[in-house]
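Return a 3D structure for these sequence lines:
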Amino acid sequence: MKRRLSIAALALLPHALLSQQPAPRWTHGATCYEVFVRSFFDSNGDGVGDLNGLTAKLDYIKGLGVRCIWLMPVAESPSYHGYDVSNYYKVEPAYGTNDDFKHMVAAAHQRGLKIIVDMVLNHSSDQHPYFQAALHDTTSPYRSWYIFSKTDGGKGPWGAPAWHKSPVYDEYYYGIFYSGMPDLNYNTPAVRAEGMKIADFWTKQMGVDGFRLDAVQYLMEDGPCLKDCEGTHQYLREYGRHLHAINPNAYAVGEVWDPVDTLLTYYPDQLTSYFTFAPSDSLLWAVKRDTVGGLLDTWLKLQSAIPDQRYGTLQRNHDETRTLTILGGDLVGARLSATLLLTLPGEPYIYYGEELGMVGDKPDPRLRTPMQWTGATGGGFTTGTPWETLQSDTTTANVAVQDKDPGSLLNLYRTLIHLRATNGALAEGKLVALNSGDPGVAAYLRRGRNHTAMVVVNLSTVAKTLSINSGNGAVAPGSYRSLDLMTNKKGAPFTVGKDGALAGYAATVPARSSLILELVRKN
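Numbering: from 1, shown residues only. Coordinates of the predicted model:
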């Protein structure tokens, strides 16, 4: 009988064993960019962003320094957001055609950009022909593709109604998100096979480099188990193997909105990567409260268990209140948050507009408002009427204004993303916590094979002159000089003794600012 590894045992596995689904080489030092096509750029004036509009803005995305684009769902859907798919083999007509999509992918590849598409496998739209057939005909071959019951089975995993009354028969069907999203039944072999077939289509015919898999922890139900079930893990193993058989460099990142201990059960041999949401919370908590607290704890825990390229980090995504809104309009705080995210381990994902400090709060459409390209009517997004009203800060938080300002948030993002991509320590160096002696100052090393970077972020409202210390073995013994990676200015020299500990290295950091230093060994 096969036995699953405990979380404690998993954390002790060497990285070599955890790399059974290795991350492609391009992920090392990579940052990715999340795009909602509907809101990015409208090429034909109908008020809805489209694939040709995205193609027209690829140079902007490339200029950020990112290496991949995660597209929110682009398959045909009756909803504005696309998370209820009615045809997995056809692009949403409001966005264009399958050929438009292929053209966009080719243009992205010419620029060295990878394309990751959002794939919704847990459920379909209730308008999908297969569900309609299952709903209206109890003898349909698609009946077993969904989950029906004569009785209301009660609540779903988080306590919301999960069983919905059929409009046709005296029965109920299962859909954990809402009635318009009936869950697919992965206990049915044909459903499992269809998931692989859809992956084949988007990889082989549409040219994508991988997938972001929505809500993967709910794929399979097993009696009372409704999430994180063994059947889900098994299917993701099959799915991961299938992708790598199609393309050894295929990439898949899953959405598992759970604490780190649960997240680790999805390793080592399932998908390439998973999003981890705990770092986002700790990062914004630290910035908002001007104190480090347990900021580094989650990163250190992840580092002890899995390679950096196998988990995704973020500040916010399309489901969450935007960073600047969370921070109460604090632009300096947004700069600190970006600095932390882009100098800590993992593979960062930037939600479109975060680099401008766009605002947004619930309901969901207000989190996904059109990209603010200029201060003109329509925000430079469209010449028509936008599908959703733009935010009130369009005249200041836009690309045209910030592009010209060397000190803008946009240009900070560009600098940090490019720095992460080119500096070996920031790209994939080991995280080593340092002691700043101050609860308002985060200090850490990123120690690579040939490079070491030191990051000091003063979250407090007071300038600090600090004595930075570490445990033994943090840095190789020797004499060092420091180079400020943001300004290319030389810093003070220092010496590390035989114990390899930083002892009393002095750093002066203005209020609510940061230092990113390369430690260059002289002997």
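
partners of the strand or helix carrying residue 212, with directions?
Using DSSP states H and E, residue 212 sits within strand 210-213. Strand 210-213 has its sheet partners listed here by DSSP bridges as strand 114-119 (parallel), strand 251-254 (parallel).

can you pull the buried residues of the helix ranked longest in the chain?
The residue-count maximum for a helix in the chain (DSSP state H) belongs to helix 230-246. Residues of helix 230-246 classed as buried by neighbour count (16 or more other Cβ atoms under 10 Å): 232-237, 239-240, 242-244. Yep, even glycine has a C-beta here, placed from its N, CA and C like the rest.

again with stretch 268-285
For stretch 268-285, burial by neighbour count (16+ other Cβ under 10 Å) applies to 268, 270-280, 282-284.

Just those residues: which are in helices?
Counting by DSSP H, the buried residues of stretch 268-285 contribute 278-280, 282-284 to helices.

In JSON lines: the residues you listed, plus distance to residue 446.
Shown next, in JSON lines, are these (distance: Cβ to Cβ, whole Å):
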{"residue": "278", "distance to residue 446": "20"}
{"residue": "279", "distance to residue 446": "15"}
{"residue": "280", "distance to residue 446": "19"}
{"residue": "282", "distance to residue 446": "18"}
{"residue": "283", "distance to residue 446": "16"}
{"residue": "284", "distance to residue 446": "21"}
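
ok, of these, which one's closest to residue 308?
Residue 308 has its nearest neighbour among those in residue 279, at 12.1 Å by Cβ to Cβ.

Now do the contacts for that closest one.
Contacts for residue 279 (Cβ atoms under 8 Å, 6 or more residues apart in numbering) come out as 298-299, 302, 313, 344, 346.

pLDDT score for residue 379?
On the pLDDT scale, residue 379 is placed at 97.

quick check, it in a helix?
Yes - the assignment for residue 379 by DSSP: H, G, I helix; E, B strand; the rest coil puts it in a helix.

Could you tell me how far it is located from residue 331?
Distance, residue 379 to residue 331, by Cβ to Cβ, to the nearest Å: 19 Å.

Check the contacts of residue 279 for burial and list the buried ones.
In the contacts of residue 279, burial by neighbour count holds for 298-299, 302, 313, 344, 346, counting by 16+ other Cβ under 10 Å.

When residue 379 and residue 331 are compared, which one has more neighbours?
residue 379 (22 against 13; other Cβ atoms under 10 Å).

pretty sure the more buried one contacts residue 370?
Yes - under the criterion of Cβ atoms under 8 Å, residue 379 makes contact with residue 370 at 5.8 Å.

looking at the strands paired with strand 210-213, which is closest to residue 391?
strand 114-119 (23.1 Å).

what about the helix or strand following that closest one, average pLDDT?
Once the chain leaves strand 114-119, the next helix or strand it forms, by DSSP H and E, is helix 129-136. What helix 129-136 shows for mean pLDDT is 98.

do the same with stretch 287-301
Averaging pLDDT along stretch 287-301 gives 94.

so how far does that stretch reach from one end to the other?
End-to-end distance of stretch 287-301 (Cα to Cα, to the nearest Å): 21 Å.

Burial check on residue 504, number of neighbours?
Count around residue 504 with other Cβ under 10 Å applied: 11.

okay, it: pLDDT?
84.

Residue 82: what's its closest spatial neighbour, skipping adjacent residues?
Distances taken as Cβ to Cβ, 6 or more residues apart in numbering place residue 73 nearest to residue 82, at 3.2 Å, with adjacent residues excluded.

follow-up on the earlier one: please name whichever of the strands paired with strand 210-213 is nearest to residue 198.
Closest of those to residue 198 is strand 114-119, at 7.1 Å (criterion: Cβ to Cβ).

Format the CA atom coordinates belonging to the closest one as CSV.
Extracted C-alpha coordinates of strand 114-119, given in CSV (Å, rounded to 0.1, in the frame of the first residue of the first chain):
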residue,chain,number,x,y,z
LYS,A,114,6.0,32.9,-22.2
ILE,A,115,2.2,32.7,-22.3
ILE,A,116,0.4,31.0,-19.4
VAL,A,117,-3.4,30.7,-19.7
ASP,A,118,-5.9,30.3,-16.9
MET,A,119,-7.5,26.9,-17.2
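
That one to helix 230-246, inter-axis angle?
In terms of direction (axes from the mean of the first three to the mean of the last three Cα atoms, to 10 degrees), strand 114-119 departs from helix 230-246 by 150 degrees.

contacting residues around strand 114-119?
By Cβ under 8 Å, 6+ apart, the residues outside strand 114-119 that reach it are 26, 32, 67-74, 82-83, 104-105, 108-109, 198-199, 202, 206-214, 251, 253.

Let me see the mean pLDDT of it.
Here strand 114-119 scores 98 as its mean pLDDT.

repeat for stretch 36-53
For stretch 36-53, mean pLDDT is 98.

got the buried residues for it?
Within stretch 36-53, the residues scored as buried using 16+ other Cβ under 10 Å are 36-43, 47-53.

residues making contact with it?
Contacts of stretch 36-53 (Cβ under 8 Å, 6+ apart): 54, 56-57, 71-72, 74, 80-81, 91-92, 94-96, 100-101, 103-104, 318, 352, 368-371, 373, 381-388.

what about the closest residue to residue 23 other than its chain neighbours, neighbour count?
Take residue 23 and drop its neighbours on the chain: the residue closest to it by Cβ to Cβ, 6+ apart is residue 309, 3.6 Å away. Neighbour count for residue 309, taken as other Cβ under 10 Å: 24.

my guess is residue 309 meets residue 303, correct?
No - contact criterion Cβ under 8 Å: residue 309 and residue 303 do not qualify, at 11.8 Å.

rewinding a little: quick check: the residue nearest to residue 82 touching residue 80?
No - the pair residue 73 and residue 80 fails to qualify as a contact (Cβ under 8 Å) at a distance of 10.6 Å.

Of these two, which one has the most company?
residue 73 (23 against 17).

which SS state does that one fall under?
coil.

Now do it against residue 28, distance only.
In terms of Cβ to Cβ, residue 73 sits 28 Å off from residue 28.

now could you export just the CA positions of stretch 473-484 as PDB?
Listed next in PDB are the C-alpha coordinates belonging to stretch 473-484 (Å, rounded to 0.1, in the frame of the first residue of the first chain):
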ATOM      1  CA  GLY A 473      28.300  31.000   8.300                       C
ATOM      2  CA  ALA A 474      26.100  33.600   6.800                       C
ATOM      3  CA  VAL A 475      28.800  34.900   4.500                       C
ATOM      4  CA  ALA A 476      32.100  33.500   3.400                       C
ATOM      5  CA  PRO A 477      35.000  34.900   5.400                       C
ATOM      6  CA  GLY A 478      37.000  37.700   3.800                       C
ATOM      7  CA  SER A 479      37.200  41.400   3.000                       C
ATOM      8  CA  TYR A 480      34.200  43.000   1.100                       C
ATOM      9  CA  ARG A 481      33.100  46.100  -0.500                       C
ATOM     10  CA  SER A 482      29.500  46.900  -1.100                       C
ATOM     11  CA  LEU A 483      27.800  48.300  -4.200                       C
ATOM     12  CA  ASP A 484      24.300  49.900  -4.100                       C
END
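
which residues touch the nearest residue to residue 520 once chain neighbours are set aside?
Spatial nearest neighbour of residue 520, excluding adjacent residues (Cβ to Cβ, 6+ apart): residue 481 at 5.1 Å. Contact analysis of residue 481 by Cβ under 8 Å, 6+ apart lists 490-491, 493, 520, 522.

Highest neighbour count among the residues you listed?
Within the contacts of residue 481, residue 491 tops the neighbour count with 19 neighbours, counted by other Cβ under 10 Å.

Can you say which helix or strand has the nearest residue to it once chain neighbours are set aside in it?
Excluding the flanking residues, the one nearest residue 491 by Cβ to Cβ, 6+ apart is residue 482, at 3.4 Å. Using DSSP H and E, the element containing residue 482 is strand 478-484.

quick one: buried residues of that strand?
Judged by neighbour count (16+ other Cβ under 10 Å), strand 478-484 contains these buried residues: 480, 482.

chain center to that strand: distance?
Centroid separation for strand 478-484 versus its chain: 34 Å, with Cα atoms, centre = their mean, to the nearest Å.
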